[in-house]
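> Have a look at this prediction, sequence included:
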Amino acid sequence: MSVAQQKNKIGIVIAGLLLAILMASMDNTIVATAMGNIVGELGGFDKFVWVTSAYMVAEMAGMPIFGKLSDMYGRKRFFVFGLIVFMIGSALCGTASNITELALFRALQGIGAGAMIPTSFTIMFDAVPIQQRGKLGGLFGAVFGMSSIFGPLLGAYITDHIAWEWVFYINLPLGIVALCMIAFFYKESMEHSKQPIDWFGAVTLIGSVVSLMFALELGGKTYAWDSWQIIGLFASCAVLLAIFLFVETKAKEPIITYGLFKNRVYTTSILTAFFSGAAFIVASVYIPIFIQGVLGGTATNSGLVLLPMMVGSVVTATMGGFLMTKLPYRNIMVPTLVLLVGGTILVTTLGTDSSRFIVTIYMILIGLGIGASFSVLSNAAIHGIGPRQRGTASSTLNFIRSLGMTVGITVFGILQSNSFTGKMTDAFAASGMQGGGDMSFGDPRELLKPETRETFPAEVLDIITTALSSSITFTFALAIIPAALALLVSLFMGRSKLDPSQMDGEYSGGH
């Protein structure tokens, strides 16, 4: 095979991997904008949260498991398995007749994504020479960052101009293309040996994550936080997590290898991904709500306002990829995370009189602050780790990042909702107007739609927008904590950098 043919083959493989990552990582955000139409047609408003949670829980629980399995049996088969399961789940989602069916089919999609995302990154690391990893890592990171912002725009367009079912059906042609690219053009050369699977560890890990997600989703809504149901779920999460951590010390082939945490770059990368993910998701979710609810923009405009953040994240994701061979990982992460902290601090100053221009500037700063994490951390997490453990290392990073985003938006969402309701109640009580008892202010996106906003008297609308603005900036202030923790942890990454002159070797100790 000629060099040109080999390059062309690798190019097709990388294109297939990028397409798969875009589909899987965008799936949650693309569905979010269609939820209003879906609930309107299928009903089940009290259960719609599970449409998102089922996907996230299945995806997160599957990532470390499939990452380990890919180390043992090969990347390609689990990538193909994940992609096929994802497409089957997508097809079934479009045929769902009620919200419960949709949640179950979304869980099936999540299982596919849990296999697909970590193996995509690991295939890229295995398939390309080390000197090209930085550049491709930047490209992969850019796609990963774009998906969280591009998804809502595409979802809104499909829902408005076609039908909500196509939010799911669109995955089928894209998935077939990606499947063909990998199935026919990726030849795995690495040998794998069969080893025992840590099923007990898998069950306890999934049980712990599911218990945590149920507790966070149901707490304060379906059940009171001090109810036996919620306390029991938190207790179940803690007990199963403790069992999992113990089991992993005894398993012959553990899902999470504790020895990896001796590698300082690996450990700091994992923690940085967790904290930065929690901070970033708050901005991604609440800036559109601020634009729509406080400044009176439409749903489409609230999505478009995130485009500067997308551009910012793509810029630093790409730059981070190119700079990895020249600078230590720490020297790239620290300055960008300073921008993330700064941008998060600045959005706490927003108010009802803020201009769209100011919001856009702050979004660019946050985008620049988060972008490098998508490319640099995925490479840093496998630094010094041999091929046999790359799948585990890569999948654990993606798992922890997703966990940070999920837990972050759930916890901060609860705090924002409580703050909003409290400020509304106090404001109406102080003004002498009636409002707190007859109306639900739980979801400002529903309350402040352009068509409903104009039906409110000016003084009532002023109270609502002021309370909403205040509750969102309060949430941004809380998000400074994980952003600052991400910056703090990144200071301890050491002087390691991507060195093309070094050959890959098995990880044999701390760095």
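The structure has been received and is ready for your questions.

> residues of stretch 96-115 that come out buried?
96, 99, 102-115 (16 or more other CB atoms under 10 Å). The C-beta positions use only the backbone N, C-alpha and C, and glycine is treated the same way.

> Quickly check these for the two that are furthest apart.
Ile99 and Ala115 (25.5 Å; CB to CB).

> now Ala115: how far from Phe79?
7 Å (CB to CB, to the nearest Å).

> Find the residue at the geometric middle of the protein.
In the chain, the centroid-proximal residue (CA atoms, centre = their mean) is Ser402; its distance is 4.5 Å.

> Which secondary structure element of this protein has the lowest mean pLDDT?
Ranking every helix and strand in the chain by mean pLDDT, DSSP states H and E puts helix 444-447 at the bottom, with a mean of 46.

> Just list the residues touching Leu368, thanks.
Counting by CB atoms under 8 Å, 6 or more residues apart in numbering, Leu368 makes contact with 312-313, 315-316, 336, 339, 343.

> Grab the nearest non-local neighbour of it.
With CB to CB, 6 or more residues apart in numbering as the criterion, Leu368 has its nearest non-adjacent residue at 4.2 Å, and that residue is Gly312.

> Report the separation between that neighbour and Gly82.
For Gly312, the distance to Gly82 - CB to CB - is 30 Å.

> quick revisit: I figured the residue nearest to Leu368 hits Gly367, correct?
Yes. Applying CB atoms under 8 Å, one finds Gly312 in contact with Gly367, separated by 2.5 Å.

> Of these two, which one has the most company?
Gly367 (29 against 23; other CB atoms under 10 Å).

> Would you mind listing the buried residues in the helix or strand encompassing that one?
Using DSSP states H and E, Gly367 maps to helix 356-380. Using 16+ other CB under 10 Å as the test for burial, helix 356-380 gives 359, 362-380.

> In the chain, which helix is the longest?
helix 387-431 (DSSP state H).

> For Gly367, give me its contacts.
By CB under 8 Å, 6+ apart, the neighbours of Gly367 are 145, 308-316.

> Show me the one in the residues you listed that has more neighbours than the rest.
Ser313 leads the contacts of Gly367 on contacts (other CB under 10 Å) with 32 neighbours.

> Quickly note the distance from Ala20 to His161.
26 Å.

> just Ala107 next, same as before
28 Å.

> same check, this time on Val51
Val51 sits 22 Å away from His161, taking CB to CB as the criterion.

> again, but for Leu17
In terms of CB to CB, Leu17 sits 30 Å off from His161.

> More neighbours: those two, which one.
Taking other CB under 10 Å, Leu17 and His161 do not tie; Leu17 has more neighbours (28 against 8).

> Now that one. Nearest residue, chain neighbours left out?
Ser120 (4.5 Å).

> Kindly report the same for Phe78.
Ser70 (4.7 Å).

> How about Ala61?
Ile206 (4.2 Å).

> in the strand or helix carrying that neighbour, what's buried?
Assessed by DSSP H and E, Ile206 sits inside helix 199-218. Within helix 199-218, the residues scored as buried using 16+ other CB under 10 Å are 201-218.

> Now it: average pLDDT?
Average pLDDT, helix 199-218: 79.

> okay, that helix in PDB with CA atoms only?
Taking Å, rounded to 0.1, in the frame of the first residue of the first chain, the C-alpha atoms of helix 199-218 are listed here in PDB:
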ATOM      1  CA  TRP A 199     -19.400  -8.100  36.000                       C
ATOM      2  CA  PHE A 200     -19.900  -7.400  39.700                       C
ATOM      3  CA  GLY A 201     -18.000  -4.200  39.300                       C
ATOM      4  CA  ALA A 202     -20.200  -3.300  36.300                       C
ATOM      5  CA  VAL A 203     -23.400  -3.900  38.100                       C
ATOM      6  CA  THR A 204     -22.500  -2.000  41.200                       C
ATOM      7  CA  LEU A 205     -21.200   1.000  39.200                       C
ATOM      8  CA  ILE A 206     -24.400   1.200  37.100                       C
ATOM      9  CA  GLY A 207     -26.500   0.800  40.200                       C
ATOM     10  CA  SER A 208     -24.700   3.600  42.000                       C
ATOM     11  CA  VAL A 209     -24.900   6.000  39.000                       C
ATOM     12  CA  VAL A 210     -28.600   5.200  38.500                       C
ATOM     13  CA  SER A 211     -29.400   5.700  42.200                       C
ATOM     14  CA  LEU A 212     -27.700   9.100  42.200                       C
ATOM     15  CA  MET A 213     -29.500  10.300  39.100                       C
ATOM     16  CA  PHE A 214     -32.900   9.100  40.400                       C
ATOM     17  CA  ALA A 215     -32.300  10.900  43.700                       C
ATOM     18  CA  LEU A 216     -31.200  14.200  42.000                       C
ATOM     19  CA  GLU A 217     -34.100  14.100  39.500                       C
ATOM     20  CA  LEU A 218     -36.900  13.100  41.900                       C
END
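
> now for it, which elements pack on it?
In terms of contacts (3 or more CB pairs under 8 Å, 6 or more residues apart in numbering; DSSP states H and E), helix 199-218 is packed against helix 49-73, helix 228-250, helix 387-431.

> Check these for me and report the most buried one.
helix 49-73 (a mean of 25; mean count of other CB atoms under 10 Å).

> Show me which positions of the helix or strand just after it end up buried.
Per DSSP H and E, the first helix or strand lying C-terminal to helix 49-73 is helix 75-94. By 16+ other CB under 10 Å, the buried positions in helix 75-94 come out as 75-76, 78-83, 85-94.

> hmm, who's touching helix 75-94?
20, 23-24, 66, 69-70, 102, 105-116, 119-120, 122-123, 126, 165-166, 168-169, 171-172, 175-176, 178-179, 182-183, 186, 188, 391.

> Filter the residues you listed down to the ones in helices?
Going by DSSP H, the helices hold 20, 23-24, 66, 69-70, 102, 105-116, 119-120, 122-123, 126, 166, 168-169, 171-172, 175-176, 178-179, 182-183, 391 from the contacts of helix 75-94.

> which residues touch Phe246?
Counted by CB under 8 Å, 6+ apart, Phe246 has zero contacts.

> Make residue 1 into 269 and carry on from there
Sure thing, new numbering starts at 269, so read that last one as Phe514.

> Quick check: pLDDT value at it.
Value listed for Phe514 in the pLDDT field: 89.

> Over to Gly619?
83.

> ok, now the one 4 residues further on?
The score at Ser623 is 83. That number is its pLDDT.

> Tell me the spacing between it and Leu614.
From Ser623 to Leu614 the distance is 13 Å (CB to CB).

> okay, the two: which has more neighbours?
Leu614 (17 against 10).
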